[in-house]
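A.B. asks: Build the 3D model from these lines:
(2 chains)
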Amino acid sequence: MTSAAPGGTRRTGAASDALVVENLSKRFGGELALNAVNLSVRRGEVHGLLGSNGSGKSTLIKILAGFHAPEPGGRAALFGEDLPLPVQADEAKRFGLAFVHQNLALIPSLSVTENMRLTDFATAPAWRISWRREHEATANTLERYGLALDPRARMDSLSPAEQALFAIVRAVEDLGAPDDAKGHRGRLLVLDEPTPFLPRVGVDQLFALVRRIVSEGASVIFVSHDIHEVMEITDRATILRDGVLVEVIETRSATHEDFVERIVGRAVKRVHVHALPTAKRTALARISGLTAPGLGPVSVDVGRNEILGLTGLIGSGFDRVCSATYGATRALTGRLELDSGEAIDLAAIDPPRALAAGIVYLPADRLGAAGVGGLPIVENMMLPVLDSMRNAFGLDRKKMLRAAEKLGGEYAVKPNLPILPLSALSGGNQQKVLLAKWLQMKPRLILLDEPTQGVDVGARQQLLAALDAASASGAGVLLASTDWEQLAQICHRVIVFARGEAVAELAGDQLTEDAIAECCYHSMTRIEHGARQGLPPSLVS
Amino acid sequence: MTSGHDEALKAYEARIAALEAKLKAIEDQVVREAGPRSGFDVKSAAERYGLLVAWALLIIGFGLFSPPMLSWAPYASMFGFNSIIVVLTLGLILPLTAGDFDLSGASILTLASMLVAILNVKAGVPIAVAVVLAIVLGAAVGAVNAFFILYFRIHSLIVTLGVGYFINGVILWMSNSAVVFGQSLSALVNVVFATKILGIALLFWYALLLTIGLWYVFEFTAAGRRLLFVGRGREVARLSGVKVERVRAGALMASGAISAFAGVLYVGMRGSADPSSGLAFLLPAFAAAFLGSTAIYPGRFNPWGAFVGVFFLSTGILGLNFLGADSYVQNLFYGGGLVVAVSISQLVRKRQAMD
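C.D. replies: Okay, the predicted model is just below:
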C-alpha cells in the first residue's frame, strides 16, 4: 500500500532501510531531550541504541511507540513507507513495528497459550475456543523459534529468561509473516532493555533468538546499557548523549573503550581498589553452615576492609547469601559470628537485629524493596536514623533536610534536592541515595545484591568508589553480582557458587573477568559430572 | 596521522567541555526552579489549599441562594454535630496510612456508645469508668482485627468487614434492639454537647485537639514516618528495620480506640444510645478520609485534610437541606463524594494503580 498521509506521498530514505528517522526532536519544558536526531536501521540488521540515563534514547523509543509526540519537522519511514508523526500507538504494528519493553506485558496468572493469544482473544471473540487446538498452535509456534515451553503452564511458573524469550516471540508473531495477509513489507522489533534482570545464560538464549529472528529477514533495535552485550549482538550502534547523536559505530571495528568514551563523553576513570594490608586479613564476620532454599550449606568469612564478591550462574544460590544473612529472606540454618564476639542464629535473624549488629543490606529491587519512589529523597534517606533527628519538640525537619543535602553532596546525587520524590531521579542517582542511606550509619558489614544493575557507566564508578571508601575505613563488604567485570574491578576476593555451594575462590592475580566467567561455567559442568575434586588447581576453594 | 588524530581529539574535547558547561547550566536551572526559595508555587498551592477554597466558594454560593446560610448559627451546630465524623475519620486514616482498611470503625463507634449507656444506665457504673472501658474495648477490637489480618495474612477489607458485622450482632443482642437512655447520662452530655465555646459544642473542640495531636504524630514523630513507609512500601520499611507488623497492629488498635472515643462523644451528644444510627457514619468517614488525602498534604492521608474534608461534605449537605432538598441528598452527596474524592486522589497520584 502507498502512504495515505495527507500532504503528499514523499518517501523518506531508501527502500533498503528498515527504519529511517530524520531530524527528530522533543522538548520537555524548556529543554531539548532529543535534538535533531537521525537514526537508520538496515534490513536484517541488529542495531544498538546506547546512551547513559538522560541521553534521549528512551525518549526516541517512546516517540516511535507513540507515547510522546515529537516536535514538528521530524520525519520517519518504515520499509520505505512514510510513518506519520506523531505515531498512533495502534498504527505502529500495521507498519511492521513491534516493541518488547523491560516490563514484558505478560499476565502472570494466565497460561502460556492465553498470553500468546491475548490480543486475538481481546479483539476477535469467538463463541467457543478450542483449547486443544490453541495449545497445539502455540506449542508449534514456540517450537519454530526453538522454545520448548508447555503451553498449559502458568506464565509465572516460567523463569524470567523464559518469560523474556516468550514475549519476544509473541511480539514477532504478532507482526505476522512478511508479505502475508497483514500486508507490510518487513518487520522491525524494538527490544527496550530486555536484559538487565536476566542471568547470563538467559542473555545467551535471548541472543540466539534474536539471531534467529534476524536470519528470517527481520531487523532489530537493541536498546541497552550493557556495552558487552551491544558489542556481542549488534552490527552497528547509534550512540546518543544529552539528546544529541554522537556517532554511529560499526560494532565490529570498535573497542569497549570506544563505546565508553562516546557514551560518557570522557574517558571514564576507573576506581582502583585500595590495597589490603599485606598482613593476614583481620576477620570481621564469619557465616557458617548457612542453608536456605536452593542454598548451602555455605560458610563464608569476610575480613575488615575487604570487598568479597559472590557470583555464579543463575540458580547457583549466590544471590541468596546476602538476603538470608540480613533476614530479608528466611534462612533454614546458619550462624553469624562477628569480631565483637556476638553470635547470631541466622534462622532467627530479622532486619532490626541485623541493623543492631551493624549490618546493612541493599536489595536489588530498587523501588520495590530499597526505597519508596513516591516519597521524598530526604524521607527515604533518613528512615533508619529517625531517632537521631529529634529535638525537644519532635522530629527536626530542617535538620533532616540539612543532613540529606549534605549526604547528597558527598555521594554526588544529581540533582541534589532532598525534597524531590525518589522516583524523579535516574536509576544511578536513586542508587546513590539508597547507598548513602545505609553508609551514613557507618555499618560494619555491608551486604549488596546487584547494586549497579540498570545504572549508567558514570554513576556506576561513583557507586563503586563509595563502596571502596567504606571498606577502606574498616567495613566488610559482601557484593553479590553477575557483573563479572565489576567484580574483577572492585573485589579483593570472589567466591563462585554452583548448585547452592561455594565451589571456588579467586583472589589476587587470578581475579580477572575471564577467570570468573571460566570458573562459573566450568564449575557448573564439573559438578554435573560429580567430580568436584577434579577442579583445576586455580579453583581451589 | 598523529596530528590529525590530535586535532580530532582536541575538537572532541572542546565539544565535551561545551556539553559539560551546558549540563552544568541545566543542573543549576533545575536547582533554581525546584529550590525551596523559588517563591510562591501556584500549582502546589492550588493542590494543597484547593479544598479549602472550594469550601469557601460552597459557603458563598449557598449564601447567595439562601441568605440565612451566611449566619453563624447553622455552621455552629453543623460543626458540633459532624465532629463525630471527624473523630471517626481520624481513626480511619491511621490504618489507611499503613495500607489497611478498617471497615469496622462505625461498628466500634456504635458498640462503644451502647456499652457506655448500658454500663451507666443499667449497671450503675460511674460514667468515667464506663468511658474508659469503652475505649479499651475499642482498642481490643482493633487488636482482634490485627490478629486475623497479620497472623492469617488476610486482606484487611475482609477481616474488618466480618468483624464489623459481628459487632453489629453483638450490639443488637446486648441492647435487645432498643434505644438505651437515662438521666444519669446527662453528666456526659454536659461535658460533650451542652457546654459551648463560641457557640460550638465542646465535642468540636475535642475533635480539633485530636486533629492537632494526630498532625503532630504524622509530621513530627518517628512513628508517623514509619507508619507512612509501612503503607507506601512495606518491604522497604521491613528491610529498613521497621517492625512492620507492630506498626500495623498499633494503627489498627489506635483506630479502634479512636472509633470508640467517637462512640463516647456520640452518647454525649444524644444523651442516649441506639443500636443502628451510628453505623451510617462509615461512608461519610471514608469519603472525608479520601477527600482529605487530596488536600493540605496531597497524596497522603492527613488529619487536617480529613478535618476539612468532613466539613466540606457536611456544608454541602447543610446547604442542600436549606435549599429544600430531601434527606436522600445525604446519600447522593456522601456516596458521590467518596467516588469523586478517590478519583481526585488518583489524579494527584498520577493514576498509579491502587493496591
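A.B. asks: Count the residues that sit near the residue in the stretch 251-400 of chain A positioned nearest to chain B.
C.D. replies: At 3.1 Å from chain B, A:Gly394 is the closest residue in the stretch 251-400 of chain A, using Cβ to the nearest Cβ. For the C-beta atoms, the positions are set from N, CA and C on the backbone; glycine is no exception. Residues within reach of A:Gly394, counting by other Cβ atoms under 10 Å in any protein chain shown, total 15.
A.B. asks: Now do the helices in the stretch 201-350 of chain A.
C.D. replies: Assigned by DSSP state H, counting those that start in this stretch, the stretch 201-350 of chain A shows helices spanning A:227-233, A:256-264, A:321-326.
A.B. asks: residues making contact with the last one?
C.D. replies: Under the contact criterion Cβ atoms under 8 Å, 6 or more residues apart in numbering or on different chains, helix A:321-326 has outside partners A:287, A:290, A:292, A:295, A:298, A:300, A:310, A:328-331, A:334, A:336, A:346, A:349, A:351, A:354, A:359-361, A:363, A:447-449, A:478, A:480, B:239.
A.B. asks: Please spell out the ChimeraX selection for the buried subset of the residues you listed.
C.D. replies: Filtering the contacts of helix A:321-326 down to the buried ones (16 or more other Cβ atoms under 10 Å in any protein chain shown) takes a single ChimeraX command:
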select /A:287,290,292,295,298,300,310,328,331,334,336,346,349,351,354,359,360,361,363,447,448,449,478,480 /B:239
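A.B. asks: Helices of the stretch 201-350 of chain B, residue ranges please.
C.D. replies: B:202-220, B:222-232, B:234-239, B:244-270, B:282-292, B:303-322, B:328-348.
A.B. asks: on that earlier part again, which non-adjacent residue is nearest the residue of the stretch 251-400 of chain A closest to chain B?
C.D. replies: B:Phe220 (3.1 Å; Cβ to Cβ, 6 or more residues apart in numbering or on different chains).
A.B. asks: residue contacts, the one you found?
C.D. replies: B:Phe220 makes contact with A:393-395, A:397 under the criterion Cβ under 8 Å, 6+ apart.
A.B. asks: Give the buried subset of these as a PyMOL selection command.
C.D. replies: In PyMOL syntax, the buried subset of those is picked out as below (16+ other Cβ under 10 Å):
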select buried, chain A and resi 395
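A.B. asks: And the contacts of B:Phe220, which two are furthest apart?
C.D. replies: A:Phe393 and A:Arg397 (10.2 Å; Cβ to Cβ).
A.B. asks: Can you tell me how far B:Ser255 is from chain A?
C.D. replies: Distance from B:Ser255 to chain A, counting by Cβ to the nearest Cβ, to the nearest Å: 22 Å.
A.B. asks: hey, least reliable of the helices of the stretch 201-350 of chain B by pLDDT?
C.D. replies: Per-stretch mean pLDDT for the helices of the stretch 201-350 of chain B is lowest at helix B:328-348 (a mean of 82).
A.B. asks: Packing partners of that helix?
C.D. replies: Under the contact criterion of 3 or more Cβ pairs under 8 Å, 6 or more residues apart in numbering or on different chains; DSSP states H and E, helix B:328-348 touches helix B:282-292, helix B:303-322.
A.B. asks: and those helices as a markdown table, adding distance to chain A?
C.D. replies: Shown next, in a markdown table, are the helices and strands packed on helix B:328-348 (distance: least, Cβ to the nearest Cβ, whole Å):
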| stretch | distance to chain A |
| --- | --- |
| helix B:282-292 | 17 |
| helix B:303-322 | 15 |
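A.B. asks: out of those helices, deepest packed?
C.D. replies: helix B:282-292 (a mean of 26; mean count of other Cβ atoms under 10 Å in any protein chain shown).
A.B. asks: Give me the angle between that helix and helix B:244-270.
C.D. replies: Inter-element angle recorded for helix B:282-292 and helix B:244-270: 120 degrees (by axes from the mean of the first three to the mean of the last three Cα atoms, to 10 degrees).
A.B. asks: and helix B:282-292, what does it pack onto?
C.D. replies: Using 3+ Cβ pairs under 8 Å, 6+ apart, helix B:282-292 sits against helix B:72-97, helix B:105-117, helix B:303-322, helix B:328-348.
A.B. asks: For the stretch 251-400 of chain A, give me the ranges with low pLDDT.
C.D. replies: A:264-281, A:314-315 (pLDDT under 70).
A.B. asks: What parts of it come near chain B?
C.D. replies: A:265-266, A:326, A:328, A:351-352, A:354-355, A:361, A:363, A:365, A:368-372, A:374-375, A:379, A:382-384, A:386-387, A:389-390, A:393-395, A:397 (Cβ under 8 Å from any Cβ of the partner chain).
A.B. asks: Quick one, which of the residues you listed are buried?
C.D. replies: Of these, these count as buried by 16+ other Cβ under 10 Å: A:265, A:326, A:328, A:351, A:354-355, A:361, A:363, A:369-372, A:374-375, A:379, A:382-384, A:386, A:389, A:395.
A.B. asks: Show me the residues you listed that map onto strands.
C.D. replies: Using DSSP state E, the members of these that fall in strands are A:Tyr361.
A.B. asks: From B:Ala222, how far out is the closest residue to B:Phe229 other than its chain neighbours?
C.D. replies: Nearest non-adjacent residue to B:Phe229, counting by Cβ to Cβ, 6+ apart: B:Ala237, 4.1 Å away. B:Ala237 sits 12 Å away from B:Ala222 when distances are taken as Cβ to Cβ, to the nearest Å.
A.B. asks: out of these two, which sits in the more crowded spot?
C.D. replies: B:Ala237 (26 against 18).
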